[in-house]
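Could you work out the structure for the sequence below:
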Amino acid sequence: MDTIYATATARGRAGLAVVRISGPDAYAAARALCPRLPEPRVAGLRRLTRDGELLDEALVLTFAKGASFTGEAVVELHLHGGVAVVGAVLRALADQPGLRLAEPGEFTRCALENGVLDLTQVEGLADLIDAETEAQRRQAVRVLSGSVGQRVEGWRRDLIRAGALLEATIDFADEEVPIDVSPEVLALIDGLTADLEREAAGVAAAERIRDGFEVAIVARRTRESLRF
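Residues are numbered from 1 along each chain as shown. The predicted structure follows:
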């Protein structure tokens with residue numbers, strides 16, 4: 001498994017920039033810049049150096065494997081957000097063997113592959129980052145919380161239960177089965193159908209909130225409107 005690094009904040013000058021390192025060699029890579037790392041989930045102010053030269057004074061956060069955003073060992077360097085500062089730290093990481101620059105979205109892909117997020121939560125995270133209105137934020141937070149994934153998992157359990165009951169009836173068709181499974185199977189299917197129909201009915205409204213509205217302001221051009 002590769003150890004990857006990249007900025008986790010937008011490019012450009014800012015008050016703060018976060019560089020994230022994720023993978024099995026994350027701690028070793030961070031120790032090359034600051035030998036004394038803080039305890040996991042405890043922020044510590046550290047001097048980042050390279051060949052004896054001070055790069056920046058940064059807040060350093062460490063996360064153990066299984067307790068981070070990606071599910072891997074992670075170190076976050078909270079730097080001053082100057083372009084030169086971030087560039088110097090990225091170059092120092094690039095010079096270390098075994099590290100490579102993360103591809104776009106790769107931190108989130110690691111979270112998906114390691115079971116930290118499911119597909120619906122990944123979509124919710126993207127929507128939350130892109131949210132411009134309060135309605136978009138609320139909808140994205142609801143998806144990111146895992147509520148959609150929990151409903152889907154419930155549907156999956158109902159389908160597996162219904163399928164198992166039907167298979168048992170078929171497998172033991174020549175034997176006397178003491179319980180008629182038809183009522184339970186039909187109840188499961190009816191409940192699932194009703195849930196899916198409710199979800200389908202709300203898709204258009206949810207997509208409208210997600211995509212937003214394009215509004216054109218139109219007025220009749222008059223001589224009075226041209227006056228300054």
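
the helices in this protein, which residues?
26-31, 83-94, 106-113, 119-130, 134-144, 147-171, 182-201, 203-211 (DSSP state H).

Specify the beta-bridge partners of H80.
L16 (DSSP bridges).

Distance check, it against A10.
Plainly put, H80 is 15 Å away from A10 if you go by Cβ to Cβ, to the nearest Å. C-beta here means a position set from N, CA and C on the backbone, and glycine is covered the same way.

Of these two, which one has the most company?
For H80 versus A10, the count of surrounding residues by other Cβ atoms under 10 Å is larger for H80: 15 against 8.

Just list the residues touching the more buried one, thanks.
For H80, the contact set (Cβ atoms under 8 Å, 6 or more residues apart in numbering) comprises G15, L16, A17, D56, E57, A58.

I'd say the third one and G81 touch.
Think A17. Yes. Contact criterion Cβ atoms under 8 Å: A17 and G81 qualify, at 4.1 Å.

shared neighbours of the two, which are they?
T9.

Show me which of these two is the more surrounded one.
Ranked by neighbour count (other Cβ under 10 Å), A17 and G81 place A17 first, with 25 against 18.

Please parse the protein into its domains.
Following automatic domain parsing, the chain resolves into domains at 3-113, 119-211.

Throw the ones you listed into CSV and include mean pLDDT, thanks.
Below are those laid out as CSV (pLDDT from 0 to 100):
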stretch, mean pLDDT
domain 3-113, 94
domain 119-211, 82
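
on that earlier part again, same list, the contacts of H80, but as CSV with distance to A204 please.
Listed next are the contacts of H80 as CSV, based on distance: Cβ to Cβ, whole Å:
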residue, distance to A204
G15, 41
L16, 39
A17, 39
D56, 49
E57, 51
A58, 46
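
From V74, how far off is A32?
For A32, the distance to V74 (Cβ to Cβ) stands at 16 Å.
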